[in-house]
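Asker: what follows is a predicted protein model with its sequence.
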Amino acid sequence: MATEKNESDFFAALADAKQSYIDDGLMKPRTLWQCLENWARDYHQHTALVDGDERLSYQALKKSAEQVAAGLQQQGIGAGDTVLVQLPNSNHFVVLCFALFRIGAWPIMAMPAHREKDINALCQQAQPVAYVVPDSFLGFNYQVLADHISQQHPCIRTVIVDGKSKNHFTFDQLHSSRPLATETPQPGPTDVALLLLSGGTTGTPKLIPRTHADYAFNAIESAKVCGMSSQSVYLAALPVSHNFPLACPGILGTLSVGGKVVMAKTAGDDEAFALIEQEKVTITALVPPLAKLWLEAKEWDETDISSLQVLQIGGSRLEEKVARQITPTLGCQLQQVFGMAEGLLCYTRLGDDIETVATTQGKPLSTADQIRILAPDGSPAAPGEAGELLTKGPYTIKGYYLAEEHNKKAFTQEGFYQSGDLVRQTANGYLIVEGRLKEQINRAGEKIAIAEIEELLAEHPDVIDCVLIPVPDERLGERSCAFVISDNPACDLQQVQQFLTQHGLPRYKQPDQLEHIAMWPLTTVGKVNKQALNQLAIEND
Ligand code: OOB
């Protein structure tokens, strides 16, 4: 009962916070479903989504989402239910999201790369009533995973498979010929629309409740800053359940202006370049390691990518040297994006000079975004000095879902999110990301909570003690290196990776390097000297 009370207080506070921005005239009171209704009315037969041979117009997208909403309802799914969605980039993903938005059920945006450990944790936290997976993707059989998960979590009443399935309900079967029950209420603008995942710093992924109005604002304002129009063609190359390709401006922002979204299954240059040429893509988003890959590929690949006007890069630090190569090599503008699933988005603007674009991570999307930069003692950092970034604003959350204790640490009393990012601000308000205070590794834009991996490594029978550190890496930006104290020399990288796979850890969270050490190098105050470990990791590579 106490939990239910806390939960209802949490949602009431969330709605109030968003309502205040609506009352101030800053944010419009709209739901994502109402947005789609407007877009379908305005853009009608214009192509909304392209996925291989399947092209959906705005009208067809709306119709399909209505049918799926009815199908979900017939499966007993309704307002306030959570649905675990783990789909690769596809039209079906978008249809499903809008169907869930219509009935007020909340998609939990899992990534295709997630494996049993994360999926389990998400189920424990959010008690989803349904789990949606592809039949298989990139050689991995998701039905086996779904069977395993649903056996352990009786909350999951329905597994829905996008593709072929012998024993589960399929996505195609969800398209109902019977309409939604007429009395089906719509959620309100300040209700939760979806739950994004946070990279986090602890053992369990945190759920980020984004409301209809704030997420619509996020996408629509981003589309404006990115100069998007009905002529824009967006390539969804990064995994679409991530905030960046979903709404910054991503899929939702593109749809808001009547543009066309093209789905890529992977972000590699081979698939992406061909799609850019075929569909005349004008804008896309990448993380820095992929941008580097594209730069290399452009040296020999003659595919015509001249339609590309804007390349957004964000998710992890972009080296200035790489930033300066984008326009000369790829022939498009660079836009740096510093964002977070928790909310705040910073963009360099399209008219900015090259110095600003190459050396900063942009300025906040909205004038209502509040930024504080604090010195280690908690006082405001001197102008131009680096400190921890705290933020609050119309589309930034004030708490994670069901994480009362963690929220006390991650948010200030006044509702500022403590990002754990070390930034400084230029005189004209642009942010430069200098580093990070949080215990996290940023591996090619994917976030790894150090505590989570160390806890699991400590369970390895041959590991007496362990420390995981980020190491600068040419290809990934950062790789992870595990230092272990162990009596068994056979406890090597391969064996440890196998152990972690068995424990349901996805590949990207597993150490890339493993080093044995006899005892910890210590700092003068007696802590493990991570800088010394960093040196060792580089020397031994
Ligand atoms: C994006 O979102 P998340 O939630 O996966 O990760 C957020 C964290 C930030 O707190 C920061 O530590 C890091 O990722 N980050 C960057 C960065 N963009 C994000 N660090 C350095 N430079 C950048 N440009 O990563 C995300 C969400 C929306 C748009 C873009 C990225």
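Answerer: Nice, thanks for sending it over. Numbers count the residues shown, from 1 in each chain.
Asker: and residue 475, how far is that from residue 533?
Answerer: 21 Å (CB to CB, to the nearest Å). C-beta: built from backbone N, CA, C; applies to glycine.
Asker: what do you get for residue 156?
Answerer: Using CB to CB, one gets 41 Å for the distance from residue 156 to residue 533.
Asker: neighbour count: residue 475 and residue 533, which is higher?
Answerer: More neighbours surround residue 533 than the other of residue 475 and residue 533, with 20 against 10 (other CB atoms under 10 Å).
Asker: the more buried one: what's it in contact with?
Answerer: By CB atoms under 8 Å, 6 or more residues apart in numbering, the contact list for residue 533 reads 467, 469, 481, 483, 517, 521.
Asker: ok, which pair from these is furthest apart?
Answerer: Among the contacts of residue 533, the pair separated by the greatest distance (CB to CB) is 481 and 521, at 14.1 Å.
Asker: please say which of the two ends up with more neighbours.
Answerer: residue 481 (25 against 14).
Asker: residue 151 in helix, strand or coil?
Answerer: Following DSSP: H, G, I helix; E, B strand; the rest coil, we place residue 151 in the helix state.
Asker: so where do the helices sit in the stretch 401-541 of the chain?
Answerer: Counting by DSSP state H, counting those that start in this stretch, one finds helices in the stretch 401-541 of the chain at the ranges 404-410, 450-458, 493-502, 530-540.
Asker: now the longest one: buried residues?
Answerer: Of all the residues in helix 530-540, those buried under the rule 16 or more other CB atoms under 10 Å are 530, 533, 536-537.
Asker: again with the shortest one
Answerer: By neighbour count, with 16+ other CB under 10 Å as the criterion, the buried positions of helix 404-410 are 406-407, 410.
Asker: who are the packing partners of that helix?
Answerer: In terms of contacts (3 or more CB pairs under 8 Å, 6 or more residues apart in numbering; DSSP states H and E), helix 404-410 is packed against strand 417-425.
Asker: residues in contact with the strand it packs on?
Answerer: Outside strand 417-425, the residues touching it (CB under 8 Å, 6+ apart) are 201, 340, 342-344, 361, 371, 373, 381, 383-392, 396-398, 409-412, 431-438, 440.
Asker: just the buried subset of those, please.
Answerer: If we count by 16+ other CB under 10 Å, the contacts of strand 417-425 have these buried: 201, 340, 342-344, 361, 371, 373, 381, 386-392, 396-398, 410-412, 431-433, 436, 438, 440.
Asker: among those residues, name the ones in strands.
Answerer: Among the buried ones among the contacts of strand 417-425, the residues falling in strands (DSSP state E) are 340, 343-344, 371, 373, 387-392, 431-433, 436, 440.
Asker: return the residues of this structure in contact with the ligand.
Answerer: 199, 243-244, 248, 314-317, 336-341, 345, 361, 419, 421, 433, 436, 442, 445, 447 (CB under 6 Å from any ligand atom).
Asker: distance of the closest residue to residue 239 other than its chain neighbours from residue 507?
Answerer: Closest residue in space to residue 239, ignoring its immediate chain neighbours: residue 111 at 5.4 Å, by CB to CB, 6 or more residues apart in numbering. Residue 111 sits 12 Å away from residue 507, going by CB to CB.
Asker: so for these two, which sits in the more crowded spot?
Answerer: Set residue 111 next to residue 507 and count neighbours by other CB under 10 Å: residue 111 wins out with 19 against 11.
Asker: wait, the more buried one touches residue 85, no?
Answerer: No. With contacts counted by CB atoms under 8 Å, residue 111 stays clear of residue 85, the gap being 10.1 Å.
Asker: pull up the overlap in contacts between the two.
Answerer: residue 241.
Asker: so where's the chain shaky on pLDDT?
Answerer: 1-3 (pLDDT under 70).
Asker: longest helix anywhere in it?
Answerer: helix 2-23 (DSSP state H).
Asker: could you say what helices and strands that one packs with?
Answerer: Using 3+ CB pairs under 8 Å, 6+ apart: helix 2-23 touches strand 206-211, helix 212-225.
Asker: mind listing what's buried along that helix?
Answerer: 10-11, 14-15, 17-19, 21-22.
Asker: whatever helix or strand comes next after that helix to helix 212-225, inter-axis angle?
Answerer: Once the chain leaves helix 2-23, the next helix or strand it forms, by DSSP states H and E, is helix 32-43. Angle, helix 32-43 to helix 212-225, by axes from the mean of the first three to the mean of the last three CA atoms, to 10 degrees: 40 degrees.
Asker: any residues touching helix 32-43, and which ones?
Answerer: In this structure, residues lying in contact with helix 32-43 by CB under 8 Å, 6+ apart are 48, 58-59, 61-62, 65, 97-98, 101-102, 186-187, 193, 212, 215-216, 220, 230, 252, 255-256, 258.
Asker: again, 6 Å this time
Answerer: 58-59, 62, 98, 101-102, 193, 212, 216, 255, 258 (CB atoms under 6 Å, 6 or more residues apart in numbering).
Asker: narrow the residues you listed to those in strands?
Answerer: Using DSSP E, those in strands are residue 193.
Asker: nearest to residue 499, of the contacts of helix 32-43?
Answerer: Nearest to residue 499 among those, with distances taken as CB to CB, is residue 193, at 38.3 Å.
Asker: how about that closest one, what does it touch?
Answerer: 32, 101, 210-212, 215.
Asker: before we move on, what about residue 219?
Answerer: 247, 249, 252-253, 256 are the contacts of residue 219 under CB under 6 Å, 6+ apart.
Asker: by neighbours, which of the residues you listed wins?
Answerer: That'd be residue 249 among the contacts of residue 219, by other CB under 10 Å, with 32 neighbours.
Asker: from residue 50, how far out is it?
Answerer: Distance from residue 249 to residue 50, counting by CB to CB: 17 Å.
Asker: one more: residue 99?
Answerer: Taken as CB to CB, the span from residue 99 to residue 50 is 20 Å.
Asker: who has more neighbours out of these two?
Answerer: Comparing residue 99 with residue 50 by other CB under 10 Å, the one with more neighbours is residue 99, at 27 against 20.
Asker: for this structure, which residue gets nearest to the ligand?
Answerer: Of all residues in the chain, residue 339 sits closest to the ligand, at 2.6 Å by CB to the nearest ligand atom.
Asker: who are the contact partners of residue 263?
Answerer: Residue 263 makes contact with 51, 89-90, 236, according to CB under 6 Å, 6+ apart.
Asker: using a markdown table, lay out these together with secondary structure and neighbour count.
Answerer: Below are the contacts of residue 263 laid out as a markdown table (DSSP: H, G, I helix; E, B strand; the rest coil; neighbours: other CB atoms under 10 Å):
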| residue | secondary structure | neighbour count |
| --- | --- | --- |
| 51 | strand | 19 |
| 89 | coil | 26 |
| 90 | coil | 21 |
| 236 | strand | 27 |
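Asker: could you pull out the helices for the stretch 201-350 of the chain?
Answerer: According to DSSP H, counting those that start in this stretch, the stretch 201-350 of the chain carries its helices in the segments 212-225, 243-247, 250-256, 269-279, 288-298, 320-330.
Asker: got a list of contacts for the second one?
Answerer: I take that to be helix 243-247. By CB under 6 Å, 6+ apart, helix 243-247 touches 196, 218-219, 236, 238, 240, 285, 341.
Asker: now the last one
Answerer: Contacts with helix 320-330, where a contact means CB under 6 Å, 6+ apart, come from 292, 295, 298, 311, 334, 358-359.
Asker: how far does it sit from the chain's center?
Answerer: Put simply, helix 320-330 sits 25 Å off its chain's centre (CA atoms, centre = their mean, to the nearest Å).
Asker: alright, I will stop here.
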